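Undergrad: Generate coordinates for the sequence data below:
(one chain, ligands or ions: 1)
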Amino acid sequence: MGFGTKSIFCILSTLALLSFSKFVLLKPITFLILPLVIVYLFSLVYNHSKNLPPGPFAIPIFGNWLQVGNDLNHRLLASMSEVYGPVFLLKLGVRNLTVVSDPELANQVLHTQGVEFGSRPRNVVFDIFTDNGQDMVFTIYGDHWRRMRRIMTLPFFTNKVVHQYSFMWEKEMDEVVGDLKVDENVRIKGIVIRRRLQLMLYNIMYGMMFDARFRSMEDPLFIEATKFNSERSRLAQSFEYNYGDFIPILRPFLRGYLDKCRDLQKRRLAFFNNYFIEERRKIMAANGENHNINCAIDYIIDAQMKGEITEENVLYIVENINVAAIETTLWSMEWAIAELVNHPTVQRKLRDEIKAVLKGEPVTESNLHQLPYLLATVKETLRLHTPIPLLVPHMNLQEAKLGVYTIPKESKVVVNAWWLANNPKWWKDPEEFRPERFFEEETGTDAIAGGKVDFRYLPFGVGRRSCPGIILALPILGIVIAKLVSNFEMKTPPGVEKIDVSEKGGQFSLHIANHSTVVLEPIVG
Ligand code: HEM
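TA: Just a heads-up that it's a prediction; the model follows:
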């Protein structure tokens, strides 16, 4: 007798027993429990006949939600994978969550079955922030995504763009170095460097997008842009709305939260439109048919004028760059700086490498490839502190196979990229910040040079939905770190032994919990 038949037999005998017992007749409460028992037994049969991935026992309506809670972060999911295996399934109310923690299965989700798992799940808050998928990052896999990704590639994600803008990036970074050198407090008490680096990154991204620049950290438009983006991040990243997403009957209780999201989104999009996009439209219109393409948004508006995308899509491309590009790169910089302060020998080795190879020439995008220790330091930062530890969630529109298991259609599928890169099964002393690992024990893999994909190391994902911004993020991170270590000795403030590298996570992000105060002592000579 197979399991299915056995279970049906079990259901029938349980029902028979219950219906004949005095207990049923006497206790009305049984009428409440009985349906739950039936649902549970049927779900057992269903799960086994479908061969769903293993997972904790799920109760009706709530599934596993009451057991696992809201904060489904990379560490909790990693510890669950030790119990349930490299792929497991959580039922969260009406949603299914499949968690993948194995390089070969990650290869299947992201690469060999990239089409099947290439969509993004929706949720009540993201539906508001993307107007039901008008954007690119969170939209399902299909024609709209393909068109948006193609249109964004040429003005943002090519080598030509990198070469065109790297001079501007380097200038922005030199300004940071200049500002830090003239401020005496920086070398005595130290500063929280985040805000200054944030201004630099806004200037880099807004320069590429709109040919625009914020004058200083006090520029009212800069203050407004950062406020809008951080509020958007807070509302979207919070775990506090999960209950309404998992259990639709609870959604009325989310009304206040969702109204807040709608209000913010309206004001934020109007801000992008009125101050930046409309400005570019005016400049383009003044030049008529022969308008020049001076920045990314000109190219994108041009695509809209040719009827390839809508006006709303243009706005959502701007919104996506604000969300995807700036904070991710900024978090990585903060992690790198904190680790460098805590590891002065790594700073010294970086300095030695730069001196020996470049012999006094400045670090630029075009000579970065000559600095393998610098590249390994960036790589090690993203391994230990993966900024998007579970990648952006994937989703299968149809029922799909993953290994021997069946993944129900429209499941949220997350790849635990942080655990792939920090599991002691695959890495020696993974908790150590040690760029040398890529020259010592990792030499046989795609450690530095590229080539065959190493599915243990996926901070940018891989495959169709991988991060197209990697082409900008890696050189930006490399040059910033190189400029900081060449110009400054980075230290803890007086009385502090180590920078606190505790982490704080959201639905998609992992950042440093306390923005570090760092002393930067200029290097003379
Ligand atoms: C250190 C910095 C960055 C990290 C760690 C990072 C990481 C990621 C990850 C993990 C994904 C999702 C991959 C997946 O779902 O499989 C992603 C998607 C994306 N990233 Fe990045 N990213 C960074 C910087 C950037 C930058 C600078 C840009 C743009 C200028 C950018 C634009 C995007 C876009 C548009 C997507 C969505 C791709 C799609 O859905 O097709 N990212 N990024």
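Undergrad: Tell me where the stretch 1-150 of the chain has helices.
TA: Along the stretch 1-150 of the chain, counting by DSSP state H, counting those that start in this stretch, helices occupy 3-20, 22-26, 30-50, 65-68, 74-84, 103-107, 124-129, 143-156.
Undergrad: Equivalent analysis for the stretch 301-450 of the chain, please.
TA: With DSSP H, counting those that start in this stretch as the criterion, the stretch 301-450 of the chain has helices spanning 311-321, 327-342, 344-358, 372-384, 417-422.
Undergrad: Any idea which of these gets closest to D71?
TA: D71 lies closest to helix 417-422 among these, at 14.6 Å (Cβ to Cβ). Where you see a C-beta, it was placed from the backbone N, CA and C, and this is true even at glycine.
Undergrad: So which other helices or strands are in contact with that closest one?
TA: With contacts taken as 3 or more Cβ pairs under 8 Å, 6 or more residues apart in numbering; DSSP states H and E, helix 417-422 sits against helix 74-84, helix 103-107, helix 372-384.
Undergrad: let's see it at 7 Å
TA: Packing partners of helix 417-422 (3 or more Cβ pairs under 7 Å, 6 or more residues apart in numbering; DSSP states H and E): helix 74-84.
Undergrad: coming back round to it: most packed of the helices of the stretch 301-450 of the chain?
TA: Comparing the helices of the stretch 301-450 of the chain by mean neighbour count (mean count of other Cβ atoms under 10 Å), helix 417-422 comes out on top with a mean of 26.
Undergrad: would you put the C-alpha positions of that helix in PDB?
TA: Taking Å, rounded to 0.1, in the frame of the first residue of the first chain, the C-alpha atoms of helix 417-422 are listed here in PDB:
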ATOM      1  CA  ALA A 417      23.100  33.800  -0.700                       C
ATOM      2  CA  TRP A 418      24.500  34.800   2.700                       C
ATOM      3  CA  TRP A 419      24.500  31.200   3.900                       C
ATOM      4  CA  LEU A 420      26.000  29.900   0.700                       C
ATOM      5  CA  ALA A 421      28.800  32.300   1.300                       C
ATOM      6  CA  ASN A 422      29.100  31.800   5.100                       C
END
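Undergrad: Which single residue of the stretch 351-500 of the chain ends up nearest the ligand?
TA: G469 (2.1 Å; Cβ to the nearest ligand atom).
Undergrad: Now do the residue lying closest to that residue once chain neighbours are set aside: how many residues are near it, please.
TA: Counting by Cβ to Cβ, 6 or more residues apart in numbering, A325 is the residue found nearest to G469 once chain neighbours are left out, at 5.6 Å. Neighbourhood size, A325 [other Cβ atoms under 10 Å]: 22.
Undergrad: how close does F156 sit to T364?
TA: 20 Å (Cβ to Cβ, to the nearest Å).
Undergrad: Pick out whichever of the two has more residues nearby.
TA: Counted by other Cβ under 10 Å, F156 and T364 do not tie: F156 has more neighbours, with 23 against 15.
Undergrad: Please list all residues in contact with the residue lying closest to that one once chain neighbours are set aside.
TA: Using Cβ to Cβ, 6+ apart and skipping residues adjacent in sequence, the residue nearest F156 is A296, 5.6 Å away. Going by Cβ atoms under 7 Å, 6 or more residues apart in numbering, A296 touches 155-156, 208-209.
Undergrad: So which of those residues would count as near the ligand as well?
TA: Applying Cβ under 6 Å from any ligand atom to the contacts of A296, one finds that F156 fall near the ligand.
Undergrad: Now flag whichever of the contacts of A296 is closest to the ligand.
TA: Taking the contacts of A296 together and measuring to the ligand by Cβ to the nearest ligand atom, the closest member is F156, at 5.6 Å.
Undergrad: Residues of the stretch 1-150 of the chain that sit close to the ligand?
TA: 110, 136-137, 149.
Undergrad: change it to 8 Å
TA: 110, 120, 136-139, 145, 149 (Cβ under 8 Å from any ligand atom).
Undergrad: what sits against the spatially most central residue of the chain?
TA: Residue closest to the average C-alpha location in the chain (Cα atoms, centre = their mean): I388, at 3.2 Å. Residues in contact with I388 (Cβ under 7 Å, 6+ apart) are 328, 508-509.
Undergrad: Dump those into CSV; add distance to K425 and pLDDT as well.
TA: Listed next are these as CSV, based on distance: Cβ to Cβ, whole Å; pLDDT from 0 to 100:
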residue, distance to K425, pLDDT
T328, 27, 95
F508, 25, 81
S509, 25, 89
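Undergrad: near the ligand, which of those show up?
TA: Answer for the contacts of I388 near the ligand (Cβ under 8 Å from any ligand atom): T328.
Undergrad: Tell me which stretches of the stretch 401-525 of the chain form strands.
TA: 405-407, 412-415, 488-491, 503-505, 510-512, 517-522 (DSSP state E, counting those that start in this stretch).
Undergrad: which stretch in those has the least confidence?
TA: In terms of mean pLDDT, the lowest-scoring of the strands of the stretch 401-525 of the chain is strand 503-505 (a mean of 91).
Undergrad: So is stretch 380-391 next to the ligand?
TA: Yes: if you take Cβ under 8 Å from any ligand atom as the test, stretch 380-391 does meet the ligand, through 382, 386-388, 391.
Undergrad: Low-confidence regions, the stretch 151-300 of the chain specifically.
TA: The model of the stretch 151-300 of the chain has no residue with pLDDT under 70.
Undergrad: just to revisit the earlier point, tell me which of the residues of stretch 380-391 next to the ligand fall in strands.
TA: The strands, defined by DSSP state E, take in nothing from the residues of stretch 380-391 next to the ligand.
Undergrad: Can you lay out those residues as a markdown table showing distance to E399 and pLDDT?
TA: Converted to a markdown table, the residues of stretch 380-391 next to the ligand look like this (distance: Cβ to Cβ, whole Å; pLDDT from 0 to 100):
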| residue | distance to E399 | pLDDT |
| --- | --- | --- |
| L382 | 34 | 98 |
| T386 | 30 | 97 |
| P387 | 32 | 97 |
| I388 | 27 | 97 |
| L391 | 22 | 97 |
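Undergrad: For the stretch 401-525 of the chain, which residues are neighbours of the ligand?
TA: Checking the stretch 401-525 of the chain against the ligand by Cβ under 8 Å from any ligand atom, the hits are 415, 417, 458-470, 472-474, 476-477.
Undergrad: Just the buried ones from these?
TA: Buried subset of those (neighbour count, 16 or more other Cβ atoms under 10 Å): 415, 417, 458-469, 472-474, 476-477.
Undergrad: Check which helices and strands the longest helix along the chain is in contact with.
TA: Assignment by DSSP state H gives helix 159-182 as the longest helix of the chain. In terms of contacts (3+ Cβ pairs under 7 Å, 6+ apart), helix 159-182 is packed against helix 194-210, helix 470-487.
Undergrad: Nearest to P53, out of those?
TA: helix 470-487 (29.8 Å).
Undergrad: Now do the closest one, average pLDDT.
TA: Mean predicted confidence for helix 470-487 is 98.
Undergrad: What are the contacting residues of it?
TA: Residues outside helix 470-487 that contact it (Cβ under 7 Å, 6+ apart): 157, 162, 166, 169-170, 173, 177, 204, 329, 332-333, 336, 340, 347, 350-351, 354, 363, 365, 368, 374-375, 377-378, 460, 490, 522-523.
Undergrad: Can you add distance to G85 and give the helices of the stretch 301-450 of the chain back as a markdown table?
TA: As requested, those are exported to a markdown table (distance: least, Cβ to Cβ, whole Å):
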| stretch | distance to G85 |
| --- | --- |
| helix 311-321 | 35 |
| helix 327-342 | 30 |
| helix 344-358 | 36 |
| helix 372-384 | 23 |
| helix 417-422 | 13 |
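Undergrad: between those helices, which one is nearest to N185?
TA: Short answer: helix 327-342, nearest of the helices of the stretch 301-450 of the chain by Cβ to Cβ, at 16.8 Å.
Undergrad: Export only the CA atoms of the closest one, formatted as CSV.
TA: Written as CSV, here are the backbone C-alpha positions of helix 327-342 (Å, rounded to 0.1, in the frame of the first residue of the first chain):
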residue,chain,number,x,y,z
GLU,A,327,21.7,52.2,-0.5
THR,A,328,23.1,48.8,-1.6
THR,A,329,26.4,50.3,-2.6
LEU,A,330,26.4,52.6,0.4
TRP,A,331,25.9,49.7,2.8
SER,A,332,28.8,47.8,1.2
MET,A,333,31.0,50.8,1.6
GLU,A,334,30.1,51.1,5.3
TRP,A,335,30.8,47.4,5.9
ALA,A,336,34.2,47.7,4.0
ILE,A,337,35.3,50.7,6.0
ALA,A,338,34.3,49.1,9.3
GLU,A,339,36.2,45.9,8.5
LEU,A,340,39.2,47.9,7.4
VAL,A,341,39.3,49.8,10.6
ASN,A,342,39.1,46.5,12.5
